[in-house]
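A.B. asks: Here is the input, now give the coordinates:
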Amino acid sequence: MRSTVPVFDSVTDLADAVGVVIGTSDWIEVGQDRINGFADVTDDHQWIHVDPDRAAGGPFGGTIAHGYLTLALAAPVMEQVLHIGDLGSAVNYGLGKVRFPSPVPSGSRVRGTLSLLAADPVAGGYQATFELVIAVENADRPACVAEVLVRLYPTERRAA
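C.D. replies: Next up is the predicted model:
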């Protein structure tokens, strides 16, 4: 079950929480169907991802998720753990440093922990820099560590 995560009343309140661990998501299953679907969408059908027979003799003893599939799990993790009361929009602004220290074997479960590293004012809102750590269940090292940059804009308030 998901841990309790803070709810920020405003984008400004979030900006005041630099250095805080925002939360950890529920476990997400990374099965072969998800891996195959990602391969189809991205046209990346490398055998290490989609050929269980060949991958069984490979370096990981089976198929593994694409690194970019693991990174793409940032979206459901952030959706689950980041709650801002007056958020009008959140715009993906890009990534800073991204690393894939260990593989995600097919059939494993992962979860993400999100921390706020920085929140810098931009026109109409803030640019937040989050650290996202994707952990594999029962693994010693994370599968992905990334700086995720998001522009956060509060709901527009119109004068009455």
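A.B. asks: Residue nearest the middle of the protein, spatially speaking?
C.D. replies: Nearest residue to the geometric centre of the chain (C-alpha atoms, centre = their mean): residue 74, 1.7 Å.
A.B. asks: isn't it right up against residue 132?
C.D. replies: Yes: taking C-beta atoms under 8 Å as the definition, residue 74 is a contact partner of residue 132 at 5.3 Å. Using the backbone N, CA and C atoms, a C-beta is placed for each residue, glycine as well.
A.B. asks: any shared contact partners between those two?
C.D. replies: 112, 146, 148 (C-beta atoms under 8 Å, 6 or more residues apart in numbering).
A.B. asks: Most neighbours out of the residues you listed, which is it?
C.D. replies: When neighbours are counted by other C-beta atoms under 10 Å, residue 112 leads those with 27 neighbours.
A.B. asks: Which strand residues bridge that one?
C.D. replies: Judged by DSSP bridges, the bridge partners of residue 112 are residue 134.
A.B. asks: ok, the closest residue to residue 29 other than its chain neighbours to residue 74 distance?
C.D. replies: Computed as C-beta to C-beta, 6 or more residues apart in numbering, the closest residue to residue 29 that is not its neighbour in sequence is residue 109, at 5.6 Å. Relative to residue 74, residue 109 is positioned 16 Å away (C-beta to C-beta, to the nearest Å).
A.B. asks: What lies in contact with the lengthiest helix in the chain?
C.D. replies: Using DSSP state H to define each element, the chain has its longest helix at helix 32-42. Helix 32-42 has contacts (C-beta under 8 Å, 6+ apart) with 44-46, 49-50, 52, 63-66, 68-69, 72, 106-107.
A.B. asks: That helix: how far from the chain's middle?
C.D. replies: Helix 32-42 has its C-alpha centroid displaced from the chain centroid by 17 Å (C-alpha atoms, centre = their mean, to the nearest Å).
A.B. asks: State the mean pLDDT of that helix.
C.D. replies: When pLDDT is averaged along helix 32-42, the result is 98.
A.B. asks: in that helix, what counts as buried?
C.D. replies: By 16 or more other C-beta atoms under 10 Å, the buried positions in helix 32-42 come out as 35, 38-39.
A.B. asks: Out of these, which is nearest to residue 22?
C.D. replies: Closest approach between the buried residues of helix 32-42 and residue 22, by C-beta to C-beta: residue 38, at 25.6 Å.
A.B. asks: Quick check: closest non-adjacent residue to residue 119.
C.D. replies: Per C-beta to C-beta, 6+ apart, closest to residue 119 is residue 15, 3.7 Å.
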